[in-house]
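Engineer: From the sequence below, what's the structure:
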Amino acid sequence: MELDLIPFKIGMQYENWEFELEPYSISKATDTYKYIGNEKRILGIEAKLILLSFNLDILEEVEYYFDADTFTLLKGRIAESPGKCKGVICDCNDYRVIFTNSS
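Structural biologist: Next up, the predicted model:
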């Protein structure tokens, strides 16, 4: 997915969102935060949870979680926009979309 479709840019610093994050999971390798800001949509569909994972304060992964119905709608929109949605990982078991630095 083109990264301009989401407000989070892989490789950016933690401080860009530090006032819109709550600790979610902290480990030796990665610190994961729940995003509590206002930008919660992909292709016009609102996520129920957004997790940002940082390594040494550099954003490495973004996970969007959806309800089953909205996830199905999102998958349809992704299928309709193949040129805009390259590299997106859809996990049907958890109803999530993942962006990483390898996308």
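
Engineer: Could you use CA atoms for every contact and neighbour count after this?
Structural biologist: OK.

Engineer: ok, which stretches of this protein are helices?
Structural biologist: Assigned by DSSP state H, the chain shows helices spanning 68-80.

Engineer: which residues of it fall in strands?
Structural biologist: For the chain, applying DSSP state E gives strands covering 21-26, 31-35, 41-42, 45-46, 49-55, 58-65, 89-91, 96-100.

Engineer: mean pLDDT for those: which is lowest?
Structural biologist: Least confident of the strands of the chain, judged by mean pLDDT, is strand 89-91 with a mean of 70.

Engineer: Let's have the strands of the chain in JSON lines, adding distance to Ile78.
Structural biologist: Below are the strands of the chain laid out as JSON lines (distance: least, CA to CA, whole Å):
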{"stretch": "strand 21-26", "distance to Ile78": "27"}
{"stretch": "strand 31-35", "distance to Ile78": "23"}
{"stretch": "strand 41-42", "distance to Ile78": "10"}
{"stretch": "strand 45-46", "distance to Ile78": "11"}
{"stretch": "strand 49-55", "distance to Ile78": "18"}
{"stretch": "strand 58-65", "distance to Ile78": "14"}
{"stretch": "strand 89-91", "distance to Ile78": "10"}
{"stretch": "strand 96-100", "distance to Ile78": "11"}
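
Engineer: So for Lys75, which of the ones you listed sits nearest?
Structural biologist: Between Lys75 and the strands of the chain, the tightest spacing by CA to CA is seen for strand 89-91, at 7.9 Å.

Engineer: could you dump the strands of the chain to JSON lines with mean neighbour count and distance to Glu80?
Structural biologist: JSON lines is the format used below for these (neighbours: other CA atoms under 10 Å; distance: least, CA to CA, whole Å):
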{"stretch": "strand 21-26", "mean neighbour count": "14", "distance to Glu80": "32"}
{"stretch": "strand 31-35", "mean neighbour count": "20", "distance to Glu80": "27"}
{"stretch": "strand 41-42", "mean neighbour count": "16", "distance to Glu80": "14"}
{"stretch": "strand 45-46", "mean neighbour count": "16", "distance to Glu80": "14"}
{"stretch": "strand 49-55", "mean neighbour count": "21", "distance to Glu80": "23"}
{"stretch": "strand 58-65", "mean neighbour count": "21", "distance to Glu80": "19"}
{"stretch": "strand 89-91", "mean neighbour count": "15", "distance to Glu80": "15"}
{"stretch": "strand 96-100", "mean neighbour count": "20", "distance to Glu80": "16"}
